[in-house]
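*Asks:* Here's my sequence, what's the structure:
(2 chains)
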Amino acid sequence: MQSLLRRFASDYGMLAVLLLLGIVFSGLTLQEQPATDTAAARRLVASIRRQVPEKAHVLVAVRQTPEDTLLAESLTREIVAAGMEVADVVRGEPQAVRAALDRISTAGGRLDAVAATERTSSWLVLSEMREIFPALGQPPIFVPESYRWPNFLKADNLLNIANQIAVIAIMAIGMTMVIIAGGIDLSVGSLAALSAVLAARLIRDQCGGVEASAAGMVIACAAAIALCGLLGGLSGAVITLFGVPPFIVTLAMMLVASGLAYLASAGQSIYQLPEAFVWLGRGSGLFGLPHAVVLMFLLYAAAHVLMSRTTLGRYLYAVGGNSEAARLSGVPVRRVLLFAYIVCGLLAGLGGVIMASQLKSGSPTYGNMYELYVIAAVVVGGTALSGGEGKIFGTLIGAFIIAVIQNGMNLTNIESYTQKVVLGLVILAAVLIDRIRHR
Amino acid sequence: MSEAINGNAPIYSRPPAGEPLLVMQGIVKSFPGVQALRGVDLDVSAGEVLALLGENGAGKSTLIKVLGGAYAPDQGVLKLDGREVAFRSPQEARAAGIAMIHQEFNLVPGLTAAENIFLGQESGLAGFVPHREERRLAAELFRRLGATIDLDVPCSRLTTAQQQLVEIARALAREARIIVMDEPTAALTAAEVNRLFEIIRDLAKRGIAVIYISHRLDEIFALAQRVVVLRDGRNVGTLPTAGLGRTELIEMMVGRELADEYPRRSVNLGPPRLTVAGLCRGRAVRDVSFTVRAGEILAIAGLVGAGRTETLRLIFGADARDAGEISLDGRRLDIRSPRDAIAAGIGLLTEDRKLQGLVLGQSVRDNFTLPNLDTLARYGFIDGHRERTAFGRHVDGLRIKVSNQDQQARHLSGGNQQKVVLAKWLERDCEVLFFDEPTRGIDVGARHEIYLLMNDLAARGKAIVMVSSELPEVLGMADRILVMHDGRITGELLNGPDVTQDQVMRLAMA
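*Replies:* This next block holds a predicted model:
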């Protein structure tokens, strides 16, 4: 048990870094959070009910934000359920509240209480209501209790992080395999752009553009992804057959793929895509998880099984660790390497399709510099660039470390130039920590 | 003698002349989980060749690293010229006149001999290297060593023996007073070994103290005046080599009485198994043909570079052959890769375990499983339970010393690494096994076990081909000896008590 824990700690030590970052950003973004859920609305209505007469008339005053809208809806429901009347529901600016109060006041209507939020209750029109509308009497203002909670840890934000990193994380699966097998693939960013452009163009030209059917879109995307797999395989073939260093071959492929992407799109964005195309990138299902994030987790699970439980996984580690010893042990080294580059190409293509779906367009500028982020995720995740060592889930952690840093800095209002500097330093620190740990 | 074996007071003999140049006293060094040295003493005088002997893991390399400044001892004293010293780094040890020549050379392959010799101590002004001066000094050093070395080619183009001379020259250039040599003859041919011995004797004559580490007892008897024997991090004794017996020395090292160095067996030859005809590859292997029978151990002898390893690699499919036919049990084999050879039932224990035999960064179990995945996996999924039990069987059977199955292969001693490689091929139940330098760098105890295992395999009807540069090993183990020279088979000897090393050497030099 203890050795199991120790192995886990050594394999996934970066998890500690991720947690630490989470704690830091949670601390930095700790804020009073107005309660907006149904339970808070119910408690608020209960306290109104205790203090005002039967059949009280209650005004709901909230702002025009998604959370406030939700709150207003639950409040209205609860007020009616409690046997009170909703005098009015105001969603918007102070002027709207003033107009509503005006209406009630001039109509000689009755107002027994106001249900507001932290923000709206501080508007002059409500805080000075007694002076401005003496006719209404002195209806008390009720505000849901607030609680302290970090913005970083809000469910929306966490989903947002996962969604933003999904593309890079998926591409990093293939990169992890290539790097563990002792190679490198610089072409993934360009392949993603090519795939996005190609999928978009096929849908526009061959499948009827905005009118395209689901089957048409699937075929177009599959074709784009397959082409990327083919190009990955081409890199792999040149590397294994002619012994050219992978750095050079994939650098060339990076230029080729990027050029092809510009050619295929004539340098333009292709956005004549059906609404349904965003299903993969923006849609969400199970537990509110975005489809792309679900796909990401499924792919990681599959890749983990491949790398840790199958013959092929064992071969990838052996080829990266010592390709001559592997060859003399009967490992088909060339085929194994070819497999890694093909998978890397396919996943880069998939990343491109997801990107196109997220942005509902395909452009040759997508994926610019992504190869570096992808490699950074792999390396931060503890995979040695020299090959033979590394863990698939380490890469997922690495990708999340990068995403969390970016997200956390956005939340704490650090501007993007500083963000780059910090990100670079963190990658350096992560790798240094890994070095020291392994010494 | 028997006292020493029982671990009582170690025997000590004083250095031959005068005050010792270097004294190490009561050196203790431990690492997490291991006590590598438990109070070791060593002294050496100027002009003496002192041999350091012990099984792998006895503490030789730790002791040497303490001397070289790579490790600080936990306890103990180091005295140079009677003054106590403490080296905080290899640089300090080097400055004090201690030079290390390791098995793996410390040369930059792309630089010439002269550049390597003066690397790190260039004397030029403002960063400019005084090429002509360095060349002159290097030539002078090599003249002193009686060697001719091409000063215009990068070191990667020099032979192993020449590279070793560059290392020695560098030690001289730094005015070393103590030179430590770790297994210096491991990769040398017999002629080169003799040349090296002359140089070492010459160094001693000039007043340099040489600490010589080797597993080859003949060399120790030929060179050293005294020998320090280590076992389990302790001194077992410091003895003059004169009048010392071979078995006596081995028993001191191993700590138990040893049966015959090369175990006997009853030979029972069966039908021919592996037949090779007309094997060719460039100039390296020229028209090699031979047959190995069931139960036979065939040795291929010859100088380094004679084409012995190359022959094995051709049969195994590691290199592409220009011509030649291979058949096993009368069946023609079409071998194009090691994968084909393994599928046909051939296994190869490579001469270089670290570069070719093992994936050092992986666990010993993963290494073991690598050629056996077809039987230990189903539909591409590895059966973890079967994998562990299969390897566990070999760990027990071969007595492989591992802390657990997940231990990285790099952390094993040479003997245990070789046993892991052996386990790989035993699990496959290969019909033909190639042993290329099976005991290089392996201590006496493990060596004996490997010999027993080879005999056992032969007794079970397997065909065994062994390549070895150690003639005693060839004569001790083989049933038949093929001798190669310059890519060709120059002779064949049916082994017997009347076959001598000279006979083999004459054919090898043919």
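*Asks:* Buried residues in stretch B:377-386, which are they?
*Replies:* Using 16 or more other CB atoms under 10 Å in any protein chain shown as the test for burial, stretch B:377-386 gives B:377, B:382. Backbone N, C-alpha and C define where each C-beta goes, glycine included.
*Asks:* Is there any residue in it that contacts chain A?
*Replies:* Yes: judged by CB under 8 Å from any CB of the partner chain, stretch B:377-386 comes into contact with chain A through B:377, B:380, B:381, B:382, B:384.
*Asks:* Settle this for me: residue A:348 is touching residue A:174, isn't it.
*Replies:* Yes: if you go by CB atoms under 8 Å, residue A:348 and residue A:174 touch, sitting 6.5 Å apart.
*Asks:* Could you work out the most separated pair of the residues of stretch B:377-386 next to chain A?
*Replies:* Farthest pair in the residues of stretch B:377-386 next to chain A (CB to CB) is B:380 and B:384. Separation: 13.7 Å.
*Asks:* Give me the nearest residue to residue B:141, chain neighbours excluded.
*Replies:* Leaving aside its chain neighbours, residue B:141 sits nearest to residue B:169 (4.3 Å; criterion: CB to CB, 6 or more residues apart in numbering or on different chains).
*Asks:* per the record, what domains does the chain have?
*Replies:* Because you didn't say which chain, this covers chain A. A:33-142, A:153-438 (automatic domain parsing).
*Asks:* You answered for a different chain; I wanted chain B.
*Replies:* If you go by automatic domain parsing, chain B breaks into B:2-97+B:177-254, B:106-175, B:272-509.
*Asks:* what about the second one, start to end distance?
*Replies:* Length of domain B:106-175, first residue to last, CA to CA, to the nearest Å: 18 Å.
*Asks:* for the strand or helix carrying residue B:278, which positions count as buried?
*Replies:* Residue B:278 is located in strand B:272-281, with elements delineated by DSSP states H and E. Neighbour counts using 16+ other CB under 10 Å place B:272, B:273, B:274, B:275, B:276, B:279, B:280, B:281 of strand B:272-281 among the buried residues.
*Asks:* out of the domains of chain A, nearest to residue B:28?
*Replies:* Residue B:28 sits nearest to domain A:153-438 of all those, at 27.3 Å, using CB to CB.
*Asks:* re the thing from before, return the most buried member of the domains of chain A.
*Replies:* Ranked by mean neighbour count, those are led by domain A:153-438 with a mean of 21 (mean count of other CB atoms under 10 Å in any protein chain shown).
*Asks:* what is the mean pLDDT for that one?
*Replies:* In this model, domain A:153-438 carries a mean pLDDT of 92.
*Asks:* How about that domain and chain B, any contact?
*Replies:* Yes: counting by CB under 8 Å from any CB, chain B has neighbours in domain A:153-438: A:309-312, A:314-315, A:317-318, A:321-322, A:324-332, A:388-389.
*Asks:* Return the distance of that domain from the chain's centre.
*Replies:* 14 Å (CA atoms, centre = their mean, to the nearest Å).
*Asks:* Could you do stretch B:366-377 as well?
*Replies:* The answer for stretch B:366-377 is 27 Å, by CA atoms, centre = their mean.
*Asks:* Quick one: end-to-end distance for that stretch.
*Replies:* Using CA to CA, the end-to-end distance of stretch B:366-377 comes out at 13 Å.
*Asks:* Show me what counts as buried in that stretch.
*Replies:* For stretch B:366-377, a neighbour-count test (16+ other CB under 10 Å) marks B:366, B:367, B:368, B:369, B:370, B:371, B:372, B:373, B:376, B:377 as buried.
*Asks:* which residues are in contact with both of residue A:348 and residue A:174?
*Replies:* Counting by CB atoms under 8 Å, 6 or more residues apart in numbering or on different chains, the common neighbours of residue A:348 and residue A:174 are A:185, A:188, A:232.
*Asks:* Just the residues you listed: which are in helices?
*Replies:* Among these, DSSP state H puts A:188, A:232 in helices.
*Asks:* With distance to residue A:368 as new columns, can the shared contacts of residue A:348 and residue A:174 be given to me in JSON lines?
*Replies:* Shown next, in JSON lines, are these (distance: CB to CB, whole Å):
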{"residue": "A:185", "distance to residue A:368": "16"}
{"residue": "A:188", "distance to residue A:368": "12"}
{"residue": "A:232", "distance to residue A:368": "19"}
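*Asks:* State which one residue of the stretch 101-250 of chain B is found closest to chain A.
*Replies:* Here the stretch 101-250 of chain B gets closest to chain A at one residue, residue B:104, 16.0 Å apart by CB to the nearest CB.
*Asks:* where does that residue fall, helix, sheet strand or coil?
*Replies:* coil (DSSP: H, G, I helix; E, B strand; the rest coil).
*Asks:* same thing with residue B:156?
*Replies:* Secondary structure state of residue B:156, per three-state DSSP, is helix.
*Asks:* roughly how far apart are it and residue B:112?
*Replies:* 10 Å (CB to CB, to the nearest Å).
*Asks:* doesn't residue B:40 make contact with residue B:63?
*Replies:* Yes: with contacts counted by CB under 8 Å, residue B:63 reaches residue B:40, the gap being 5.7 Å.
*Asks:* Can you work out which residues contact both of the two?
*Replies:* Contacts common to residue B:63 and residue B:40, judged by CB under 8 Å, 6+ apart, are B:24, B:27, B:230.
*Asks:* With distance to residue A:160, pLDDT and neighbour count as extra columns, can I get the residues you listed in JSON lines?
*Replies:* Shown next, in JSON lines, are these (distance: CB to CB, whole Å; pLDDT from 0 to 100; neighbours: other CB atoms under 10 Å in any protein chain shown):
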{"residue": "B:24", "distance to residue A:160": "64", "pLDDT": "93", "neighbour count": "21"}
{"residue": "B:27", "distance to residue A:160": "61", "pLDDT": "93", "neighbour count": "26"}
{"residue": "B:230", "distance to residue A:160": "63", "pLDDT": "89", "neighbour count": "24"}
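*Asks:* which residues sit in contact with the spatially most central residue of chain B?
*Replies:* Geometric centre of chain B, nearest residue: residue B:441, 2.8 Å, by CA atoms, centre = their mean. By CB under 8 Å, 6+ apart, the contact set of residue B:441 is B:56, B:103, B:183, B:186, B:215, B:414.
*Asks:* please redo it, this time with the cut-off set to 6 Å
*Replies:* By CB atoms under 6 Å, 6 or more residues apart in numbering or on different chains, residue B:441 lies in contact with residue B:414.
*Asks:* So it: helix, strand or coil?
*Replies:* Assignment for residue B:441 (three-state DSSP): coil.
*Asks:* phi, psi of it?
*Replies:* phi 70, psi 20 (degrees, to the nearest 10).
*Asks:* and if you look at residue B:153?
*Replies:* According to degrees, to the nearest 10, residue B:153 has phi -110, psi 150.
*Asks:* so how many other residues sit close to it?
*Replies:* Burial of residue B:153 is recorded as 12 neighbouring residues (other CB atoms under 10 Å in any protein chain shown).
*Asks:* which one is it nearest to, not counting chain neighbours?
*Replies:* Sequence neighbours aside, residue B:112 is the residue nearest to residue B:153 in space, at 6.6 Å (criterion: CB to CB, 6+ apart).
*Asks:* Around the one you found, count how many other residues there are.
*Replies:* Residue B:112 has 22 neighbours, counted by other CB under 10 Å.
*Asks:* Return the set of buried residues in stretch B:441-457.
*Replies:* For stretch B:441-457, burial by neighbour count (16+ other CB under 10 Å) applies to B:441-451, B:453-455, B:457.
*Asks:* and residue 47, what does it touch?
*Replies:* Going with chain A. By CB under 6 Å, 6+ apart, the contact set of residue A:47 is empty.
*Asks:* The intended chain is chain B.
*Replies:* Residue B:47 is in contact with B:204, B:207, counting by CB under 6 Å, 6+ apart.
*Asks:* can you tell me which helix or strand it belongs to?
*Replies:* Using DSSP H and E, residue B:47 maps to neither a helix nor a strand.
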